[in-house]
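[1] below is the sequence, then the predicted model.
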Amino acid sequence: MANPRIMNRGTILIYSQQRLLATLLAATIRDDNRHIICCSSLQQLIAKSNSLRPTLIYIIDSAPFMNGANLMEMLRRSSLHRPTIYVITWQQSEHTVLSLLECGVDQYFTFPISMLRLRLKTLAHDSQ
């Protein structure tokens, strides 16, 4: 019998207000063993995170973390559900990076970014 972890790698959520970026990232990391859902609003992202319990969330924007909405707490409401969260943005200031890492973001990437690197990062996450 096949290992169930290899058979189904779980759900990945991608948030971006720019549909093209979310679609490009989804196409880059897609394979047959992954369910990928793109969200264009924070409300949709939070609802999907709480109902689907994704293993990985990509957020293409740093603004949702800066408005005081406590996005990390909303995405990780349950102590049993702690998805890995990667943020991709144009912001490269040390303050922004440190703020995001301190609030619980697992990794921070800046544009321009290698799509191969994102794919390999996603595959590495699957093998953890």
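    Cool, got the structure.
[2] just for this protein, where's the confidence low?
    1-9, 67-69, 78-79, 128 (pLDDT under 70).
[3] all helices for this protein, in order.
    4-7, 19-29, 42-52, 63-66, 71-75, 94-103, 115-126 (DSSP state H).
[4] mind putting those in JSON lines, distance to residue 86 and mean neighbour count included?
    The C-beta positions use only the backbone N, C-alpha and C, and glycine is treated the same way. What follows is the helices of the chain, written out as JSON lines (distance: least, CB to CB, whole Å; neighbours: other CB atoms under 10 Å):
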{"stretch": "helix 4-7", "distance to residue 86": "20", "mean neighbour count": "10"}
{"stretch": "helix 19-29", "distance to residue 86": "10", "mean neighbour count": "16"}
{"stretch": "helix 42-52", "distance to residue 86": "13", "mean neighbour count": "16"}
{"stretch": "helix 63-66", "distance to residue 86": "13", "mean neighbour count": "16"}
{"stretch": "helix 71-75", "distance to residue 86": "12", "mean neighbour count": "17"}
{"stretch": "helix 94-103", "distance to residue 86": "10", "mean neighbour count": "13"}
{"stretch": "helix 115-126", "distance to residue 86": "7", "mean neighbour count": "14"}
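[5] residue 36: which of the ones you listed is closest?
    Counting by CB to CB, residue 36 lies closest to helix 19-29 out of the helices of the chain; the figure is 4.8 Å.
[6] other SSEs contacting the closest one?
    For helix 19-29, the contact count by 3 or more CB pairs under 8 Å, 6 or more residues apart in numbering; DSSP states H and E identifies strand 11-15, strand 35-39, helix 115-126 as packing neighbours.
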